[in-house]
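Engineer: Give me the fold of what follows.
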Amino acid sequence: MSPQAGWILQKEVVLRLRSAIPRTVNRVGVEDAAELVHDATAIAAKMLHNVEVAGEQVTPGNIAYYTIQHVKSGRRSTGSSVVDVMGSGTQLNGNTRLSSMDEPAAVD
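Structural biologist: Have a look, this model is predicted:
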């Protein structure tokens, strides 16, 4: 990533992510807004790098928008499995639900 792309990421994209993610992204399990912002920053950095390698021109708003859409759909920088029981995509789809082992078991 070029220094200019790093500056755009730091000064423009991350500010948009910090303001939008706490209000718009549903958290799964123990995720918090700060963790999602950090994860989204990694996704945005990869997007910026790919755009730069391709020689394309995009605005910081486009990078922030599509990064937020990725995070909202359950994608994370470490992967986006929808077959993993612990995966955020599976939980957002409503296919699984995590429960604490400390919760009392239902007795009939």
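Engineer: Go through whatever helix or strand Gly61 lives in and flag the buried ones.
Structural biologist: With secondary structure defined by DSSP states H and E, Gly61 is part of helix 60-72. Of the residues in helix 60-72, those with enough neighbours to count as buried (16 or more other C-beta atoms under 10 Å) are 60, 63-64, 67-68, 70-72. In short, each C-beta sits where N, CA and C put it, glycine included.
Engineer: in this structure, which spans are helices?
Structural biologist: Across the chain, reading from the start of the chain, the helices by DSSP state H fall at 3-8, 14-24, 33-54, 60-72, 88-92.
Engineer: between the longest one and helix 60-72, how big is the angle?
Structural biologist: Here helix 33-54 runs at 130 degrees with respect to helix 60-72, directions being taken by axes from the mean of the first three to the mean of the last three C-alpha atoms, to 10 degrees.
Engineer: how about the CA coordinates for helix 33-54, as CSV?
Structural biologist: The C-alpha trace of helix 33-54 is given here as CSV (Å, rounded to 0.1, in the frame of the first residue of the first chain):
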residue,chain,number,x,y,z
ALA,A,33,-18.1,-1.8,18.3
ALA,A,34,-14.4,-1.1,18.7
GLU,A,35,-13.5,-4.7,17.6
LEU,A,36,-15.7,-4.4,14.5
VAL,A,37,-14.1,-1.0,13.6
HIS,A,38,-10.6,-2.6,13.8
ASP,A,39,-11.8,-5.6,11.8
ALA,A,40,-13.4,-3.3,9.2
THR,A,41,-10.2,-1.3,9.0
ALA,A,42,-8.3,-4.4,8.0
ILE,A,43,-11.0,-5.1,5.3
ALA,A,44,-10.8,-1.5,4.0
ALA,A,45,-7.0,-1.7,3.8
LYS,A,46,-7.2,-4.8,1.7
MET,A,47,-9.8,-3.2,-0.5
LEU,A,48,-7.6,-0.1,-1.0
HIS,A,49,-4.6,-2.3,-1.8
ASN,A,50,-6.6,-4.3,-4.4
VAL,A,51,-7.9,-1.1,-6.0
GLU,A,52,-4.4,0.4,-6.1
VAL,A,53,-2.9,-2.8,-7.7
ALA,A,54,-5.7,-2.7,-10.3
